[in-house]
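Undergrad: Predicted model and sequence below, questions to follow.
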Amino acid sequence: MKNNLNLTGRDITRRIDPELLKFGVVSAAGPEMAEARALAARLIGPGIVSVEALDRVQAYTGSAVWVTHDDGGLTGVLAFVLLNGAGAEAVAGGAFDTADPAAEHMASPDEVVRASYGWGICATTKEAARRVVGGSFAITPLFEHLPRYARPTTEAGHRLMRERMGYVDLPGSSGLVWLPPFAHPQTAVAA
C-alpha cells in the first residue's frame, strides 16, 4: 500500500474488512457486540469499555470491533478506535477517555484518520489468537504512517504489544504504549 497518508475512516474500513476476512475475522454486529464485550471482560478484566460505548463507536466510525468464531461460538475479539487530529492530541496528552471516547476525538467515516487507539485483542483458543493477531498484522500497512496507542493491562497483552508488535512506553504517560509512525512490528508467529 503505497500512499496511506490521507485515508479517511471509510477508506480504512473498506480496506480492513477484506483483509481481516482472510483470517476469519469479521465486523461485529447485533448481539455479537455484547458477546465480544463479555469475552474481553472475562479475559482482560471487568473495567473495560461498555457495550453501549462499543456500539456507539462502531456506529460513528464505521469500524471498531471485529470478532472470530469457532464451532459457532465467539472466540476472539479485535477492537480499536480510529482517531482524528484532536483524538491523537488527546491520547498523547492524557485527555482521551478510553472507556467512553468523545465524538470529537473519533474519526468519522469522511474524516482523515490521524491515529489509532487499541482497545483490546483477546482470544479463548490458540486458533482464534492466531486469527486475530494474524489479522492485526495483516492490516498494519494501513496504519504504519500513524501513531498507534494502547494500554495493555494483562501479562499476555504486554508481551504481545511490546515483544511481538514493537510498542514502547509513551513518554510522560502512565501505562500507555505506542508505536510511532512508520515503526514496523515484528512478524507474527503462532500464539
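TA: Sure, I can see it.

Undergrad: Quick one: distance of the top strand by length along the chain to the chain centre.
TA: Identified as the longest strand of the chain according to DSSP state E is strand 73-83. On the basis of C-alpha atoms, centre = their mean, to the nearest Å, strand 73-83 is displaced by 6 Å from the centre of the chain it belongs to.

Undergrad: list the buried ones in it?
TA: Of all the residues in strand 73-83, those buried under the rule 16 or more other C-beta atoms under 10 Å are 74-83. C-betas here are computed from N, CA, C, even on glycine.

Undergrad: Can you list the low-confidence ranges for this protein?
TA: For the chain, the stretches with pLDDT under 70 are 1-4, 183-191.

Undergrad: most centrally placed residue in it?
TA: F80 (2.6 Å; C-alpha atoms, centre = their mean).

Undergrad: Bridged to it, which residues?
TA: When bridges are called by DSSP bridges, F80 pairs up with G118.

Undergrad: How about D169?
TA: Bridge pairing for D169 - DSSP bridges - gives V177.

Undergrad: okay, stretch 87-100 in PDB with CA atoms only?
TA: Only the C-alpha atoms of stretch 87-100 are listed here, as PDB (Å, rounded to 0.1, in the frame of the first residue of the first chain):
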ATOM      1  CA  GLY A  87      -8.100  12.500  19.200                       C
ATOM      2  CA  ALA A  88      -4.400  11.900  18.500                       C
ATOM      3  CA  GLU A  89      -3.600  15.000  20.600                       C
ATOM      4  CA  ALA A  90      -6.000  13.900  23.400                       C
ATOM      5  CA  VAL A  91      -4.300  10.400  23.700                       C
ATOM      6  CA  ALA A  92      -0.800  11.900  23.600                       C
ATOM      7  CA  GLY A  93      -1.800  14.500  26.200                       C
ATOM      8  CA  GLY A  94      -3.600  12.100  28.500                       C
ATOM      9  CA  ALA A  95      -7.100  13.500  27.900                       C
ATOM     10  CA  PHE A  96      -8.600  10.700  25.800                       C
ATOM     11  CA  ASP A  97     -11.400   8.800  27.600                       C
ATOM     12  CA  THR A  98     -10.600   5.200  26.600                       C
ATOM     13  CA  ALA A  99     -13.800   3.900  28.200                       C
ATOM     14  CA  ASP A 100     -16.100   6.400  26.500                       C
END
